[in-house]
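Visitor: Have a look at this fold, sequence not included:
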């Protein structure tokens, strides 16, 4: 089945630093999504990407849909303590693969921000 | 944005009992809802797709008789863990998509099940 590998698995950064994480797939996705999950909560959608090469921002967050459709990255600029959490990428495959209605989640990147 | 609510958020039960978790879309209609399971420090694993008015579609390896899913209306899906055992302890999360085909998924707050 499809797998999404995220890196890094975890990172400790200082407040104010920029953060970058990425997600790679062994197969093509038509949609890339980035979610944040706080402890004991469900994921919250941060950014959705629908076209290869698309670059989209949401406040301090910027994400790009890789041109090969097999990867995506998320950048967080000027991190703040409330950015702490787990970030998941998720992808949705092409219709002909039968996976268009399902989301495949990445392995997650745990972010910790120190003052 | 759209709101998806789960209930209960936490439940503790004895081994052998059944537990029902509800997932409601509060301000939109959802023809499709999804149920995920998440182990500590792990990613979300899709268990099944719940379709309003029809049978759920289960992912490979998920026991249909163990995890009963009912999607009786456009705003409610339920997951019943039958004859629960300690290994069923987990964080269960539902998500729902707006009726529009291109709508993205919105997730509930999750339900933590602990089976003693």
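Guide: Yep, it's here. The structure presented is a predicted model; accordingly, all values stated were derived computationally and were not measured.

Visitor: just how off-centre is stretch A:31-46 within its chain?
Guide: In this view, stretch A:31-46 has its centroid 9 Å away from the chain centroid, taken as Cα atoms, centre = their mean, to the nearest Å.

Visitor: and residue 62, what does it touch?
Guide: Went with chain A since none was named. A:55-56, A:74-75, A:77 (Cβ atoms under 8 Å, 6 or more residues apart in numbering or on different chains). For the C-beta atoms, the positions are set from N, CA and C on the backbone; glycine is no exception.

Visitor: Please refer instead to chain B.
Guide: Counted by Cβ under 8 Å, 6+ apart, residue B:62 has contacts B:47-48.

Visitor: what secondary structure does it sit in?
Guide: Look at residue B:62: counting by DSSP: H, G, I helix; E, B strand; the rest coil, its state is coil.

Visitor: Redo the contacts of residue A:62 as JSON lines? Include pLDDT, neighbour count and distance to residue A:27.
Guide: JSON lines is the format used below for the contacts of residue A:62 (pLDDT from 0 to 100; neighbours: other Cβ atoms under 10 Å in any protein chain shown; distance: Cβ to Cβ, whole Å):
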{"residue": "A:55", "pLDDT": "97", "neighbour count": "11", "distance to residue A:27": "22"}
{"residue": "A:56", "pLDDT": "96", "neighbour count": "17", "distance to residue A:27": "22"}
{"residue": "A:74", "pLDDT": "98", "neighbour count": "25", "distance to residue A:27": "20"}
{"residue": "A:75", "pLDDT": "98", "neighbour count": "15", "distance to residue A:27": "24"}
{"residue": "A:77", "pLDDT": "97", "neighbour count": "14", "distance to residue A:27": "30"}
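
Visitor: quick one: which of the residues you listed is nearest to chain B?
Guide: Nearest to chain B among the contacts of residue A:62, counting by Cβ to the nearest Cβ, is residue A:56 at 13.1 Å.

Visitor: Specify the beta-bridge partners of the closest one.
Guide: Beta-bridge partners of residue A:56, counted by DSSP bridges, are residue A:63.

Visitor: That one touches residue A:46, doesn't it?
Guide: No - look at residue A:56 against residue A:46 with Cβ atoms under 8 Å: they stay out of range, at 9.9 Å.

Visitor: Please enumerate the shared neighbours of those two.
Guide: residue A:63.
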